[in-house]
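1. Okay, structure incoming, though there's no sequence with it:
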């Protein structure tokens, strides 16, 4: 068996908060390495945060992103582990939304996004351009700020894949999974076995179902390992990004089955999900589908970058088994309605500097619903503290103004510290 340990993550990144974002990225890589993983996938634009909006138009934003990547590569974080890191990159005066593959303190490939999200809540074409040259690689001159640090001047840039000694790996980015001509199909026919997807997908009711179905369908048709990462939390805008594959939870799929799934709604800043996959199972699965073999035999070639490195470093051990398929966990619609806004409220509260929420009560459904969602937020905070999240605990102590070593242990008691209401009568209110 060619056993490969892979890791993906949910990161709660904040637009333009380079220091905290960098800290979360490093923590996720450290956790992935500690688990024995040799592949780590991160969310879309994880260095800058997805919601920078017009800050993407400022050259300094890209410069600071390179400074953060330099910081990562200067340490031995990428030693022995392939890291897929999301950041904006400029080529010939054009900004691209990119996934940067790094290994052993070197950059292997910069892969720009091919299909941009530009409908609904998304306006990516305002800040980025799509890479129009399918199946083409060009040479990219690294900025001096990082070229000197990593002793590299030129790296491949474009639509291609990495060919390791023991497997082939390629990237998709968020919206590309949803497109009719999704890149993973052609890449699978070219022999790519592992697909990464760094995403910045916001929460929408039942959207997670759609994303997981697309991931499962894609790997069911063409086989392969699909590693999905997503941002989570309120990164400065009005949307809530859930962690995974879709609405939140990061996940890992193999040949149509989900083998690992992260949480969809969580207050943790860093959550790492791992799985042990058997790449020979991908080879066997594809070999059993005659139509797939016939299409692969006539598929157009995709450029590749040779990497003299083995990712499958697991020693043969009859006691070690690949991760088995799991039952996908979905929240009920009512739970999504409560938990998604609850997480958003907590992120906004802890980052705004406010000491709580004031809610005018009219007695109607709107204000009552908001009060209920704040109650859900308080429950999420207490649960996170009980799970040992020191960041949530510190924020709760600060916002709730606890002293003498006290901290919240009960959601109702915590609500008394941060939630205030007043009656606001309207023409529909009763006189009494």
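-> Perfect, thanks for sending it. Source: prediction; values computed, not measured.

2. Look at residue 145 and tell me its secondary structure.
-> In the three-state summary, residue 145 is assigned as helix, counting by DSSP: H, G, I helix; E, B strand; the rest coil.

3. Neighbours of it, how many?
-> Using other Cβ atoms under 10 Å, residue 145 has 13 neighbouring residues. To be clear about C-beta, it is placed using only N, CA and C from the backbone, and glycine gets the same treatment.

4. Which residues are in contact with it?
-> Each residue near residue 145 by Cβ atoms under 8 Å, 6 or more residues apart in numbering is listed here: 63, 66-67, 70.

5. Which among those residues count as buried?
-> Of the members of the contacts of residue 145, the ones counted as buried by neighbours, 16 or more other Cβ atoms under 10 Å, are 66-67, 70.

6. So which of those residues is the closest to residue 12?
-> Each of the buried ones among the contacts of residue 145 was scored against residue 12 by Cβ to Cβ, and residue 67 proved nearest at 21.2 Å.

7. Could you check how far the closest one is from residue 61?
-> If you measure residue 67 against residue 61 using Cβ to Cβ, to the nearest Å, the figure is 11 Å.

8. Ok, residue 255 next?
-> Looking at residue 255 against residue 61, where the rule is Cβ to Cβ, the gap reads 39 Å.

9. cool, residue 133 as well?
-> When Cβ to Cβ is applied, the distance between residue 133 and residue 61 equals 24 Å.

10. Tell me where the longest helix sits in the protein.
-> Across the chain, the longest stretch assigned as helix under DSSP state H is helix 365-386.

11. which residues sit against that one?
-> Among residues not part of helix 365-386, those counted as contacts by Cβ under 8 Å, 6+ apart are 265-268, 338-339, 341-343, 345-346, 349, 357, 359-361, 392-393, 396, 407-412, 414-415, 418-419, 421.

12. redo that, cut-off 6 Å
-> Contact partners of helix 365-386, identified using Cβ atoms under 6 Å, 6 or more residues apart in numbering, comprise 267, 338, 341-342, 345-346, 359, 361, 392-393, 396, 411, 414-415, 419.

13. okay if I get the contacts of residue 145 as a markdown table plus pLDDT?
-> Written out in a markdown table, the entries for the contacts of residue 145 read as follows (pLDDT from 0 to 100):
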| residue | pLDDT |
| --- | --- |
| 63 | 97 |
| 66 | 98 |
| 67 | 97 |
| 70 | 97 |
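
14. Which of those residues fall within helices?
-> 63, 66-67, 70.

15. Pull out the buried residues from stretch 73-88.
-> 73, 77-78, 81-88.

16. ok, residue 423 - contacts?
-> Residue 423 makes contact with residue 361 under the criterion Cβ under 6 Å, 6+ apart.

17. Would you double-check that residue 230 falls in a helix?
-> No: when classified by three-state DSSP, residue 230 is found to be strand rather than part of a helix.

18. so what's the spatially most central residue of the chain bridging to?
-> Most central residue of the chain, judged by C-alpha distance to the mean C-alpha position with Cα atoms, centre = their mean, is residue 230 at 2.1 Å. Taking DSSP bridges as the rule, residue 230 bridges to residue 10, residue 199.

19. I'd say it and residue 199 touch.
-> Yes: the pair residue 230 and residue 199 qualifies as a contact (Cβ atoms under 6 Å) at a distance of 4.5 Å.

20. so where's this structure shaky on pLDDT?
-> Across the chain, residues meeting the criterion (pLDDT under 70) sit at 236-248, 316-318, 428-432.

21. So which of the contacts of helix 365-386 are in helices?
-> Of the positions in the contacts of helix 365-386, 338, 341-342, 345-346, 392-393, 396, 411, 414-415 sit in helices, assigned by DSSP H.

22. Which one of the residues you listed is nearest to residue 8?
-> Within the set of the ones in helices among the contacts of helix 365-386, residue 392 lies nearest residue 8; the separation is 21.9 Å, counting by Cβ to Cβ.

23. number of nearby residues for the residue nearest to the closest one when sequence neighbours are not counted?
-> In this structure, residue 392 finds its nearest non-sequential neighbour in residue 384, 4.1 Å apart by Cβ to Cβ, 6 or more residues apart in numbering. Residues near residue 384, counting by other Cβ under 10 Å, number 20.

24. again with residue 306
-> Residue 306 has 10 neighbours, counted by other Cβ under 10 Å.

25. again with residue 161
-> The number of residues packed around residue 161, counting by other Cβ under 10 Å, is 24.

26. Please name the bridge partners of it.
-> Taking DSSP bridges, one obtains residue 304 as the residues bridged to residue 161.

27. Please report how far the nearest residue to residue 28 once chain neighbours are set aside lies from residue 190.
-> Of all residues not flanking residue 28 in the chain, residue 9 sits nearest, at 4.3 Å (Cβ to Cβ, 6+ apart). With distances taken as Cβ to Cβ, residue 9 is found 27 Å from residue 190.

28. quick one: which of the two has more around it?
-> Counted by other Cβ under 10 Å, residue 9 and residue 190 do not tie: residue 9 has more neighbours, with 31 against 19.

29. mind listing what that one touches?
-> 28, 229, 250, 272.

30. Give the next helix or strand downstream of the helix or strand hosting residue 5.
-> Element membership of residue 5, judged by DSSP states H and E, is strand 3-11. Beyond strand 3-11 in the direction of the C-terminus, DSSP H and E gives the next helix or strand as helix 18-34.

31. now the angle between strand 3-11 and that next one, please.
-> Taking axes from the mean of the first three to the mean of the last three Cα atoms, to 10 degrees, helix 18-34 and strand 3-11 form an angle of 160 degrees between their directions.

32. Buried residues, helix 18-34. List them.
-> 18, 21-22, 24-26, 28-33.

33. Now do the SS call for the closest residue to residue 222 other than its chain neighbours.
-> On the basis of Cβ to Cβ, 6+ apart, the spatially nearest residue to residue 222 that is not a chain neighbour turns out to be residue 188, at 3.7 Å. Of the three states, residue 188 takes helix under three-state DSSP.
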